[in-house]
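Peer 1: Quick one, fold the following:
(2 chains)
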Number of protein chains: 2
Amino acid sequence: MTVIATTQPRAALTEEARAELSALLGDRFTTSLPVREHHGKDESYHTPFPPDGVAFANSTEEVSAIVRICAKHKLPIIPFGTGTSLEGGIAALAGGITIDLSGMQQILRVSPEDLDVTVQAGVTRKQLNEHLRDTGLFFPIDPGANASLGGMSATRASGTNAVRYGTMRENVLGLTVVLADGRVIKTGGRARKSAAGYDLTRLFVGSEGTLGIITEVTLKLYGIPEAISSAVCAFSTIKGAVDTVIQTIQVGVPVARIELLDEVQIDAVNKYSKLDYAVAPTLFFEFHGTEAGVKEQAEMVAAIAAEHGGMEFAWATRPEDRSKLWQARHDAYYAALALRPGSKGWPTDVCVPISRLADCILETKQDLAESNMLAPMVGHVGDGNFHLVYVLDPEKPAELAEAQRLADKMVTRALEMGGTCTGEHGIGYGKMAFLEQETGEAFNVMGDLKRAFDPDNLLNPGKVVRV
Amino acid sequence: MTVIATTQPRAALTEEARAELSALLGDRFTTSLPVREHHGKDESYHTPFPPDGVAFANSTEEVSAIVRICAKHKLPIIPFGTGTSLEGGIAALAGGITIDLSGMQQILRVSPEDLDVTVQAGVTRKQLNEHLRDTGLFFPIDPGANASLGGMSATRASGTNAVRYGTMRENVLGLTVVLADGRVIKTGGRARKSAAGYDLTRLFVGSEGTLGIITEVTLKLYGIPEAISSAVCAFSTIKGAVDTVIQTIQVGVPVARIELLDEVQIDAVNKYSKLDYAVAPTLFFEFHGTEAGVKEQAEMVAAIAAEHGGMEFAWATRPEDRSKLWQARHDAYYAALALRPGSKGWPTDVCVPISRLADCILETKQDLAESNMLAPMVGHVGDGNFHLVYVLDPEKPAELAEAQRLADKMVTRALEMGGTCTGEHGIGYGKMAFLEQETGEAFNVMGDLKRAFDPDNLLNPGKVVRV
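Peer 2: As a prediction, this is how the structure comes out:
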C-alpha cells in the first residue's frame, strides 16, 4: 500500500484554497480529522487515506464551484457517496478535497408513465425504492450495501437482480456530470435508445470519479411484477448447485435472481442473521412474472435442480419472508466479517463465461482447501460472477500476502477462461495491475482518455488508470 | 452539401502511398472509378463523395497495415461494411482511402453453451443467423438492410426486436479495434458483466468509424423461443394504434416486436410486396416465449388493442408466414422509395419517451398534412422511435428545402419532449447540427474525445463531431 501512496505527489491545501472553500460552503467545508478519516476509508481491507478537507455539496452548481476552486489550486478531488466501495475508490491517495454528495438527496422527477426517474447523486437505492412504493414501480439494482445511486453509477454496480435486469450499465439513461474544469454536461437522455454520437453516459458509468463527477442520474424503472416468488435450495455438492445455474441460464429461464452461497457462507449467514439453513452449498432464487409465468419458471428450475442433487425448494412468497431472505443474502459480507471479530474483508470479484463457472469455482475451492485462509463464497452465479471474501487481519503481512497469492491465482484463472477481474466492484487502487493484465494495450488507451478529460490528474488520482 | 465538402481539406493520394497500398494488397487495392463511386454513396439522399482509393481488407492485421500507411501519408480512412447507412457515414468528404471490410466474412467462434459468438466485421446479420440455424440460437438485432455486424456496431444499430432484446449497445460484449495509429486493441470480453475500467466497448459502438475501425465483434446470442407468434392489427385511427403501444409498454408486456406502419406506408408495402393489408394505421406484433407465455401476452395485447379501436388480429404462426410478414416490414424503406421511381429517401429517426409518442406522431402528421411532401411513416414504436421517409428528388432544391424544414421541426419537437434526433441511424454528416442542438456542451466533449483518439483527424473525418 505504501508504494501506491508515495507515488502520488501530495498537493498542499493552502490557506487561500481553504478560505475560498469556506466562503463558498460555510461550515459545510471542514478539515476536522474525524470527518476526514471517515471519508478516507471504505468497507474493505485497503489502507485508508484521509483527504485534507471535506466539502459537502448540495447541488450540481456547488460541485462545479468546488471543482473550479480545486482546479485553480491543483487540488485532487475525490467524490464520495456512502463510502461502501470495496477497492479503495474513495481513498485520498494524494490528499486533496473529498466532495461528499450524500446531501444531494432530491428525487427530481418520477415519470411512472415512462418508467424512468431522475435523482440527485446522493439518493440511495433504498431511499429511491421507498419513494417509489406507491407507484407500483421499483429500481432493481442492489449491491449489498445501501449505496448511493451516484456511487453505483460511478462504479458500474450490479447485485442480485442483474441476471434479469442488467447492471448500472444497462439502467442509466443519462447523467449530469461536472468535468475537471468545472463545466457541467448532460449525457444521454430519456429516450430508450439513441444513436446520437459517442456514448458518454456509459463512459462515465464505471469511471469511478476519474473522468468527471456524477451529480444527477436518470434511471430506468420497472413495474413490480404481478407475481414474485423466492426459494432456497440446498445441494449435496457445489458442483450440483453450479450446474443447476448453468443449465437454467442456457435454457433461457428468465430468473430474476439466482445466487450461490457455499457452506462456509451459509454458516456465516445463519450465525449473523439468526437463521437455520442447512449448512450446504445453497442457491437462492427469485422468479418474477405473471402468476402463470412464475409457476412455469419455478417448475422448470426445480426440475433442473432435482437432476443435480438439489433438495426440496423452501418457498418464500409473503413479502416479509422474501425480505428476510434477501436481507440475509445482502448481509453476507457483514456476516463473513462477523466470523472473525476485528477482521477486514478482501473480496474477490471474478466473472467468467457461464460454461466455465463450475471449473472456475471448483478450482478456486481447491486452492482454498490447500490454504488456511477463511473465505466464504457468495455469487451472482447467473452472471458467472462470484466472490470469495478473504476474512483477514490487515495488520498481519502474512495474511495479506496469502490473500494476494490466492487472489492473483483466481484472477489469472478467470482471465484464462475469458472472464474479467471484476464483475461489479470496480478497480479503485486495489486492482490496477489486474486491469492492465486483463486489457493489455487497451489499458494505455484508458490512460489517454483520462489525460484528455483530466490533464492535471485531479479527479480521483491514482485510481483505475496509470497516468 | 457543398459547404460540408469544402470545409474538409482534400488530401492527395500520392504515388508513394498508392505504391505502398498496392504492395500490401495487390489487386485488392484499386482506384477504379466505378468501385470508388460505389463506396462513396449510401442508401439515402446524401450527396455521394467517392474516396481516392478502395482497400479490400481480409484481416485485422491488414486493416492495421493499411491504417499505418494512411497515417504515414495523412490520408483519411473511411471504413465500409455494406454501404447501407442513411446519414452519409461512408462518404469520403475529404477523399482518402475507404477500407472495405466485406471480405472479413469469418465466423470465428460460436459458443452455444455461453450464448455468444465472435465474428469478423464483414459478416452480415443474415449470414450469422443462417450459420446459427442448427444451433437453436439466433441474433436478434435487425435493421432493415442486411447490414454487416461491424457496421451495425459502428452505428449502434437496432431495428424491430430492440424493444425486447436491446440495440447493439446492449448486445456487443467486446470488440477488436484498429486505432488511428494502427495499434490493435481488444475491448470488453466474454463475461456478461464487468466493472473493469472504462467502457471502451460502448465508446466505439456508435462512434461511426471516427475513433477506430472495428474489425471483430463479440455478440450475445439468444435461444430461439419455444413459441413465436406474429400478428397484424389495423386501427381506425393512428392515435388508437399508438395508445395501444403506449399501454402495452407501460403494463410491461414483454413483446418482442411492436411496429407501426401508417396508412401511407401500408399502401406502399401492399404495392411493393404484393400484399393486401387494409390501408389503415397498422401494428405488426411478435410474441416470444413459452407456449403459455406467448398466449398470455397475446391475450393481454389483444384486449388493449380492442379498447383502442383495433380490429381482429390476423395471426401468422407458421415460420414461412412470419418471414413473409417481417420481410414486408423490413422492405418498408424500399417500398416507400418505389412509390416514386427514381426518388431518394430522406429518413427521419426521432425517438421520444413513450408517454409523448402519441403527441409527437400526431403533431408530425399534422405538419405533413399541411405540406405536399410524400412521407410514409414507420416506427419501432415500442421504443418510442419512428421514421418518416421523405420521398424526394435530390436534384430539386425546393424539395430538399421542404424536407429540411419538416425535419428540423420534427427534431426540435422530439428534443423538447425529452427525445433524441436519432434512435438508430446515427449522425454521419447529415445530423451534426442536430447532435449539437441535442447535446449542448457535451458536443464539445465529444470533439475532445475525437482529438484524443485521432489527433490528425484521419478516421472518417467530417462525421459525428466537429474538430
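Peer 1: C-alpha only now, for contacts and for neighbours.
Peer 2: Noted.
Peer 1: Near chain B, which residues of the stretch 251-400 of chain A are found?
Peer 2: Within the stretch 251-400 of chain A, the positions lying close to chain B (C-alpha under 8 Å from any C-alpha of the partner chain) are A:251, A:252, A:292, A:293, A:351, A:352, A:353, A:354, A:355, A:383, A:384.
Peer 1: what do you get for the stretch 1-150 of chain A?
Peer 2: By C-alpha under 8 Å from any C-alpha, the residues of the stretch 1-150 of chain A that approach chain B are A:113, A:114, A:115.
Peer 1: Report the contact partners of the second one.
Peer 2: So the one you mean is residue A:114. Contact analysis of residue A:114 by C-alpha atoms under 8 Å, 6 or more residues apart in numbering or on different chains lists B:250, B:353, B:354, B:355.
Peer 1: okay, now the third one: neighbour count?
Peer 2: Residues within reach of residue B:354, counting by other C-alpha atoms under 10 Å in any protein chain shown, total 28.
Peer 1: Do I have it right that it meets residue B:384?
Peer 2: Yes - the pair residue B:354 / residue B:384 is scored as a contact, 5.0 Å apart, by C-alpha atoms under 8 Å.
Peer 1: Low-confidence regions, chain A specifically.
Peer 2: By pLDDT under 70, the low-scoring segments of chain A are A:1-8.
Peer 1: ok, residues contacting stretch A:278-293?
Peer 2: A:225-238, A:241, A:254-264, A:266-267, A:294, A:297-298, B:292-293.
Peer 1: again, only this time at 6 Å
Peer 2: A:225-235, A:238, A:255-263, A:266-267, A:294 (C-alpha atoms under 6 Å, 6 or more residues apart in numbering or on different chains).
Peer 1: Which one of the residues of the stretch 251-400 of chain A next to chain B sits in the busiest neighbourhood?
Peer 2: Counting by other C-alpha under 10 Å, top hit in those: residue A:351 with 34 neighbours.
Peer 1: Tell me the bridge partners for the spatially closest residue to that one that is not a sequence neighbour.
Peer 2: Residue nearest to residue A:351 in three dimensions, not counting chain neighbours: residue A:385, with 3.9 Å by C-alpha to C-alpha, 6 or more residues apart in numbering or on different chains. Applying DSSP bridges to residue A:385 gives these bridge partners: residue A:351, residue A:380.
Peer 1: Tell me how far residue A:319 lies from residue A:227.
Peer 2: Between residue A:319 and residue A:227 the distance, using C-alpha to C-alpha, to the nearest Å, works out to 11 Å.
Peer 1: same thing with residue A:196?
Peer 2: When distance is defined by C-alpha to C-alpha, residue A:196 is 37 Å away from residue A:227.
Peer 1: just residue A:413 next, same as before
Peer 2: According to C-alpha to C-alpha, residue A:413 and residue A:227 sit 39 Å apart.
Peer 1: For the closest residue to residue A:189 other than its chain neighbours, list each beta-bridge partner.
Peer 2: Leaving aside its sequence neighbours, residue A:189 sits nearest to residue A:174 (C-alpha to C-alpha, 6+ apart; 4.9 Å). For residue A:174, the beta-bridge partners under DSSP bridges are residue A:188, residue A:218.
Peer 1: Would you check how far apart residue A:174 and chain B are?
Peer 2: Relative to chain B, residue A:174 is positioned 11 Å away (C-alpha to the nearest C-alpha, to the nearest Å).
Peer 1: Report the distance from the helix or strand where residue A:345 lies to the chain centre.
Peer 2: If you go by DSSP states H and E, residue A:345 is part of strand A:344-347. Here the centre of strand A:344-347 is set off from its chain's centre by 14 Å, with C-alpha atoms, centre = their mean, to the nearest Å.
Peer 1: Name the SS class of the residue of the stretch 51-200 of chain A found nearest chain B, please.
Peer 2: Here the stretch 51-200 of chain A gets closest to chain B at one residue, residue A:194, 4.1 Å apart by C-alpha to the nearest C-alpha. Here residue A:194 is recorded as coil under DSSP: H, G, I helix; E, B strand; the rest coil.
Peer 1: Quick check: nearest residue in space to it, chain neighbours excluded?
Peer 2: Leaving aside its chain neighbours, residue A:194 sits nearest to residue B:423 (4.1 Å; criterion: C-alpha to C-alpha, 6+ apart).
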